[in-house]
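Colleague: Sequence and predicted structure, then a few things I'm wondering about:
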Amino acid sequence: MPSTPVLYFIIPCYNEEDALPLTAPVFLETLRRLVGEEKVDPASRVVLVDDGSSDGTWEIIRRLHREDRSFSGLRLGRNRGHQNALTAGLMWARERCDVTVSIDADLQDDIRAVDAMLDRYRDGCGIVCGVRASRQTDTFLKRATARGYYRLMRLLGSDLIYDHADYRLMDRAALEALSHYQGPDLFLRGLVNRLGARVGTVTYDRRAREAGESKYTLRKMVKLAARGFACGRLRPSPESRPLQDEEIAEVLHG
């Protein structure tokens, strides 16, 4: 385990032209601070994955990469959904870095928790999950449906981590284990405890969205729940997951 790992932030982006100008400087500032404090290697990157956006998201990513090579960009050939975009980013990064931290572009997840994640990684955790301390920023309906969802999944034998979504650190071994799960729409939070890694958690307070609107509509939440049920039947493949040509149409890196 390197004392100063190469860290790649993996950030799925779908129609984030309003949020990225506000949040991209925060990602860059955090990365520079971590490098300056010798917590991560200077080769660390912020990887923005454009999930087939229909607005100016990709042009913003192009500009960020042009202005500072700490930003890398991946553009998917079409809109494939949050979990597919995140999986594509993780699979692209797994041979290029020591650890990834996945986080959404809106920065509702407190990026300052990355320091605690890196501490848990140095303590021997191959996966570190960000867990919300509370749901005070959610509407009453969202709080109620979230609680019901987790209770139902646990009754059905799922080992989901309560109030953990997709804010997590994964080391290279965990990413390699993930690469052996095949199929579209992998339910990543349902696989966390099945990858053979030591799993740790850190808590954080979730913030209000910086700009734009949430991409998780009620319909998408229902689909996510259905994938959660199907996830329990998945088994790893002997072969690692290939990146299909149509997944990543353009790369900005180096």
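Modeller: Perfect, I can see it now. Numbers count the residues shown, from 1 in each chain.
Colleague: I'd like the distance between the closest residue to Gly183 other than its chain neighbours and Gly196.
Modeller: Spatial nearest neighbour of Gly183, chain neighbours left out: Leu234 (7.0 Å); criterion: Cβ to Cβ, 6 or more residues apart in numbering. C-beta: built from backbone N, CA, C; applies to glycine. Distance, Leu234 to Gly196, using Cβ to Cβ, to the nearest Å: 15 Å.
Colleague: ok, now Asp104?
Modeller: Here Asp104 is placed at a distance of 26 Å from Gly196 (Cβ to Cβ).
Colleague: more neighbours, the two?
Modeller: Neighbours per residue, other Cβ atoms under 10 Å: of Asp104 and Gly196, the larger number sits with Asp104, 23 against 13.
Colleague: right, and the more buried one touches Ile11 too?
Modeller: Yes: Asp104 is in contact with Ile11 according to Cβ atoms under 8 Å; the separation is 7.0 Å.
Colleague: Can you check which residues contact both of the two?
Modeller: Listed as contacting both Asp104 and Ile11 by Cβ atoms under 8 Å, 6 or more residues apart in numbering is no residue at all.
Colleague: ok, now which ones touch the residue nearest the centre of the chain?
Modeller: Residue closest to the mean C-alpha point of the chain, counted by Cα atoms, centre = their mean, is Ser102 at 2.6 Å. Contact partners of Ser102, counting by Cβ under 8 Å, 6+ apart, are Phe9, Ile10, Ile11, Pro12, Leu86, Gly89, Leu90, Asp166, Tyr167, Arg168, Met170.
Colleague: Can you name the element that comes right after the helix or strand where the fourth one lies?
Modeller: Under the assignment given by DSSP states H and E, the secondary-structure element containing Pro12 is strand 7-13. Following the chain from strand 7-13 toward its C-terminal end, the next helix or strand by DSSP H and E is helix 20-36.
Colleague: Could you list the paired strands of the next helix or strand after that following helix along with their orientation?
Modeller: Using DSSP H and E, the helix or strand that follows helix 20-36 towards the C-terminus is strand 45-50. Strand pairing for strand 45-50, using DSSP bridges, gives strand 7-13 (parallel), strand 71-76 (parallel).
Colleague: relative to helix 20-36, how tilted is strand 45-50?
Modeller: For strand 45-50 against helix 20-36, the angle by axes from the mean of the first three to the mean of the last three Cα atoms, to 10 degrees is 160 degrees.
Colleague: show me the contacts for Glu38.
Modeller: Thr4.
Colleague: Relative to Leu7, how far out is it?
Modeller: Distance of Glu38 to Leu7, computed by Cβ to Cβ: 12 Å.
Colleague: and Val131, how many neighbours does it have?
Modeller: Around Val131 there are 17 residues (other Cβ under 10 Å).
Colleague: If you count contacts, what does the helix or strand in which it is found end up packed against?
Modeller: Assessed by DSSP H and E, Val131 sits inside strand 127-132. Here strand 127-132 touches helix 114-122, strand 168-171, strand 199-204, going by 3 or more Cβ pairs under 8 Å, 6 or more residues apart in numbering; DSSP states H and E.
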